[in-house]
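**Student:** dropping the sequence and predicted coords here.
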2 protein chains.
Amino acid sequence: MSLDTATMDERVPRDFETLRTTILERRESLPKRIAQIAAHALDNPDDIAFGTAASIAASAGVQPSTLIRFAQQLGFDGFTSLQQVFRERLRERNSSYDERLQALRAKAEGGAGHRAIFDGFVAAASTSLNDISRTLDEAHLEDAISLLAKAETIYVLAKRRSYPVASYIAYALGKLKIRNQLIESAAGLNAEMIGFATPADAVIAISFSPYAPATIEEARSISEQGVPIVAITDSSFSPLAQFAKVWFEVAEADFAGFRSLSATMALAMALTVGVGEKRRDTGRKRKA
Amino acid sequence: MSLDTATMDERVPRDFETLRTTILERRESLPKRIAQIAAHALDNPDDIAFGTAASIAASAGVQPSTLIRFAQQLGFDGFTSLQQVFRERLRERNSSYDERLQALRAKAEGGAGHRAIFDGFVAAASTSLNDISRTLDEAHLEDAISLLAKAETIYVLAKRRSYPVASYIAYALGKLKIRNQLIESAAGLNAEMIGFATPADAVIAISFSPYAPATIEEARSISEQGVPIVAITDSSFSPLAQFAKVWFEVAEADFAGFRSLSATMALAMALTVGVGEKRRDTGRKRKA
DNA sequence: TATGGATTGGAATTATTATTTCATATTCCC
DNA sequence: GGGAATATGAAATAATAATTCCAATCCATA
């Protein structure tokens, strides 16, 4: 009877992406109601993962039995095993970014392809983003934005690994027509540039362990001139923290010896755009 | 009997974070077995979300009834409603980054606090990372890494918005002792620098719409010298694509007018570290 | 338009799973 | 150390959910 329905030769999709592809391939050849639930499944994968056969069937507008036929047509032996795939998807994507990162690190160590390296950096970035959105102190954010919004010129201070963030901040401030000055290491004029800063200005300083000595030195000297500093750094022991009016602790995950910048970037952009908004609101605009 | 157990005055935790806090607060005062399952729940939230009362109890080393008592002690009326919280957590975190981004955009438009802006950038970064890890072409990655690994000097070419990525690549290449040359816009010597490149070298070029004319011009001129180009850009219509031996399409989500860089960064780092590995493997090393 | 095969709906059945109950053990306080 | 209160284990029970079955319907083809 049902022994010889097309379930022998075809592989049962074990992961969501394969399943998705399989469904899309067969889309045309599926009976109406089965197609209906197939579409619903791809559109609402979470519902499949958590719902019961009855509830899913109802929200897709079919009978529970149809749902089971759908699963069987794909080679599963019932709804439950189809559901496993949808659950696995949530498991993988979600919670275990940390563990996943661990696994990927091991994998990459073991010399497994370049895809693993890429996945590692993606996982590191995601982990960092998750972390920061959990730990960011909202009050600090408000304080920092107020402080920066009052500044005549915003100085942006960062070297080496943090420099890309600084350059993005400078780019964004420029686009928002907010006067700013990037203090690079390239030209040897840092000391002079810093000398121009006054207490009416402000600084965004970014540095992570091992802290670039130049950054620390410049931060010290500028804070001694009474210029308020907003710092982004990685621990309360950071030398930057002691010079700063407001500081953020950002823990970036690393992979293959390079730390992610994603969390720092997100915070940097929030500060920048936040300052832009604040200035627009208070109607206090300056020339770029 | 059980009507007046402490379930009236205390709020039932509706979201995972509240639940977590509640559990941690009471940790000390919980009976042994209940504490055991409480710890297990916080350590393996996914198991709670997907398992059955029996399976969870088994893997925590307690009886199913204990699990239910645990739920009731927290104010839930049974295991099922406790489980809902764990499922909701997966739902929220996962699928809906896109929708969440939409919501946040609307919220930020409406002038809702700076936290919303920050969340928006985090969501944009996450969305971009999800996208790229789905769409990245593994073969392209291999090709690009092989190509770059053979180069004597790697030139890194990017302006404006893409410049932070370029500067991070240059930093990382430097740390890996791979000879490289960053082509900035600052110094006006780009034409001369480019003139030094030979077909034995290679270029990483990064540009997104609206493409910086200088980047395109420089890419054209360098490709005419026979130097192979690896491009990171945002569509197959990108002018960069036509000059490139290998090119990657990276779609970054944007928020408040600024696109995320997280996906581009992850790809850039994978390329960089990939090249480092490849050189180490082939034993073909060069001086920095 | 009749006929066979595939598809579907809906209820009956079976399986699984949560919950309750009760006997036993442990803990805490006097 | 005795006794009450609390906690725990194990199995019985109730609830819920998946699956199957069969009759009705639809659809293509002769």
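**Tutor:** That came through, no problem.

**Student:** DNA strand C contacts on chain A?
**Tutor:** A:P31, A:K32, A:R33, A:I34, A:V62, A:Q63, A:P64, A:S65, A:T66, A:R69 (CB under 7 Å from any atom of the strand). Every residue, glycine included, has its C-beta placed from N, CA and C.

**Student:** please parse chain A into its domains.
**Tutor:** Residue ranges for each domain of chain A read A:16-93, A:97-128, A:136-282, as given by automatic domain parsing.

**Student:** any idea which of these scores lowest on pLDDT?
**Tutor:** Within the domains of chain A, the stretch with the lowest mean pLDDT is domain A:97-128, showing a mean of 80.

**Student:** quick check: buried residues in it?
**Tutor:** A:97, A:100-101, A:104-105, A:107-108, A:114-128 (16 or more other CB atoms under 10 Å in any protein chain shown).

**Student:** wait, A:A151 touches A:A202, no?
**Tutor:** Yes - the pair formed by A:A151 and A:A202 meets the contact definition of CB atoms under 8 Å, at 3.5 Å.

**Student:** hey, what's in contact with both of these two?
**Tutor:** Counting by CB atoms under 8 Å, 6 or more residues apart in numbering or on different chains, the shared contacts of A:A151 and A:A202 are A:P228.

**Student:** now stretch A:158-169: how far from the chain's centre is it?
**Tutor:** 18 Å (CA atoms, centre = their mean, to the nearest Å).

**Student:** can you redo the residues of chain A next to DNA strand C as JSON lines with secondary structure, neighbour count and distance to B:T18?
**Tutor:** Formatted as JSON lines, the residues of chain A next to DNA strand C follow (DSSP: H, G, I helix; E, B strand; the rest coil; neighbours: other CB atoms under 10 Å in any protein chain shown; distance: CB to CB, whole Å):
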{"residue": "A:P31", "secondary structure": "coil", "neighbour count": "12", "distance to B:T18": "46"}
{"residue": "A:K32", "secondary structure": "helix", "neighbour count": "8", "distance to B:T18": "45"}
{"residue": "A:R33", "secondary structure": "helix", "neighbour count": "18", "distance to B:T18": "41"}
{"residue": "A:I34", "secondary structure": "helix", "neighbour count": "19", "distance to B:T18": "41"}
{"residue": "A:V62", "secondary structure": "coil", "neighbour count": "19", "distance to B:T18": "37"}
{"residue": "A:Q63", "secondary structure": "coil", "neighbour count": "15", "distance to B:T18": "38"}
{"residue": "A:P64", "secondary structure": "helix", "neighbour count": "15", "distance to B:T18": "35"}
{"residue": "A:S65", "secondary structure": "helix", "neighbour count": "12", "distance to B:T18": "40"}
{"residue": "A:T66", "secondary structure": "helix", "neighbour count": "19", "distance to B:T18": "39"}
{"residue": "A:R69", "secondary structure": "helix", "neighbour count": "17", "distance to B:T18": "41"}
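
**Student:** what's the helix or strand for the closest residue to chain B within the stretch 1-150 of chain A?
**Tutor:** Residue nearest to chain B within the stretch 1-150 of chain A (CB to the nearest CB): A:F118, separated by 3.7 Å. Element membership of A:F118, judged by DSSP states H and E, is helix A:114-135.

**Student:** sorry, back to before: residues contacting the residue of the stretch 1-150 of chain A closest to chain B?
**Tutor:** Residues in contact with A:F118, defined by CB under 8 Å, 6+ apart, are B:S133, B:L136, B:L141, B:A266, B:L267, B:A270, B:G274.

**Student:** out of those, the closest to B:A38 would be?
**Tutor:** Using CB to CB, B:S133 is the member of the contacts of A:F118 that lies nearest B:A38, at 34.1 Å.

**Student:** please name the nearest non-neighbouring residue to A:Y155.
**Tutor:** Distances taken as CB to CB, 6 or more residues apart in numbering or on different chains put A:V203 closest to A:Y155, at 4.5 Å, once the chain neighbours are dropped.

**Student:** tell me what that neighbour is bridged to.
**Tutor:** Counting by DSSP bridges, A:V203 forms beta bridges with A:Y155, A:I229.

**Student:** for the closest residue to DNA strand D within the stretch 51-200 of chain A, give its distance to B:T52.
**Tutor:** For the stretch 51-200 of chain A, the residue positioned closest to DNA strand D under CB to the nearest atom of the strand is A:G78, at a distance of 2.3 Å. According to CB to CB, to the nearest Å, A:G78 and B:T52 sit 16 Å apart.

**Student:** quickly check: stretch A:258-265 near chain B or not.
**Tutor:** Yes - part of stretch A:258-265 sits near chain B under the criterion CB under 8 Å from any CB of the partner chain, namely A:F258, A:S260, A:L261, A:S262, A:M265.

**Student:** gap between the two ends of that stretch?
**Tutor:** Counting by CA to CA, to the nearest Å, you get 15 Å between the two ends of stretch A:258-265.

**Student:** what about the strands in chain A?
**Tutor:** Listed in chain order, the strands of chain A (DSSP state E) span A:154-158, A:180-183, A:202-206, A:229-233, A:246-249, A:254-255, A:258-259.

**Student:** what sits up against the first one?
**Tutor:** This means strand A:154-158. Residues external to strand A:154-158 that are found in contact with it (CB under 8 Å, 6+ apart): A:148, A:165-166, A:169-170, A:173, A:178-183, A:193-194, A:197, A:201-207, A:215, A:218-219, A:222, A:227, A:275.

**Student:** also the last one?
**Tutor:** Contacts of strand A:258-259 with the rest of the structure, by CB under 8 Å, 6+ apart, involve A:F121, A:A124, A:R161, A:F208, A:E252, A:A253, B:A172, B:K175, B:M269, B:T272, B:V273.

**Student:** among those, which ones are buried?
**Tutor:** Among these, those buried by neighbour count (16+ other CB under 10 Å) are A:F121, A:A124, A:R161, A:F208, A:E252, A:A253, B:A172, B:M269, B:T272, B:V273.

**Student:** for A:F237, state which of those is nearest.
**Tutor:** If you rank the buried ones among the contacts of strand A:258-259 by distance to A:F237 using CB to CB, A:F208 comes first, at 12.1 Å.

**Student:** ok, the closest one - contacts?
**Tutor:** A:R161, A:S162, A:T233, A:D234, A:S238, A:E252, A:R259.

**Student:** closest to B:Q83 out of the residues you listed?
**Tutor:** B:Q83 has its nearest neighbour among the contacts of A:F208 in A:E252, at 33.5 Å by CB to CB.

**Student:** and the closest one, how close does it get to A:T233?
**Tutor:** Taken as CB to CB, the span from A:E252 to A:T233 is 11 Å.

**Student:** A:S162 too?
**Tutor:** The spacing between A:S162 and A:T233, counted by CB to CB, is 9 Å.

**Student:** overlap in contacts of those two?
**Tutor:** The contact sets of A:S162 and A:T233 overlap at A:I206, A:S207, A:F208 (CB under 8 Å, 6+ apart).

**Student:** what's the spacing between the second one and B:A149?
**Tutor:** Read that as A:S207. With distances taken as CB to CB, A:S207 is found 32 Å from B:A149.

**Student:** same deal with A:A219?
**Tutor:** A:A219 sits 39 Å away from B:A149 when distances are taken as CB to CB.

**Student:** quick one: which of those two has more around it?
**Tutor:** In terms of neighbours (other CB atoms under 10 Å in any protein chain shown), A:A219 is the more surrounded of A:A219 and B:A149; the figures are 24 against 20.

**Student:** now do the helices in chain A.
**Tutor:** Taking DSSP state H, the helices of chain A run over residues A:16-26, A:32-43, A:45-50, A:53-60, A:64-73, A:79-93, A:97-109, A:114-135, A:138-149, A:163-175, A:190-195, A:213-224, A:239-243, A:262-282.

**Student:** can you put these in a markdown table and add distance to B:Q84?
**Tutor:** As requested, the helices of chain A are exported to a markdown table (distance: least, CB to CB, whole Å):
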| stretch | distance to B:Q84 |
| --- | --- |
| helix A:16-26 | 23 |
| helix A:32-43 | 22 |
| helix A:45-50 | 9 |
| helix A:53-60 | 13 |
| helix A:64-73 | 22 |
| helix A:79-93 | 15 |
| helix A:97-109 | 23 |
| helix A:114-135 | 21 |
| helix A:138-149 | 28 |
| helix A:163-175 | 40 |
| helix A:190-195 | 56 |
| helix A:213-224 | 48 |
| helix A:239-243 | 41 |
| helix A:262-282 | 30 |
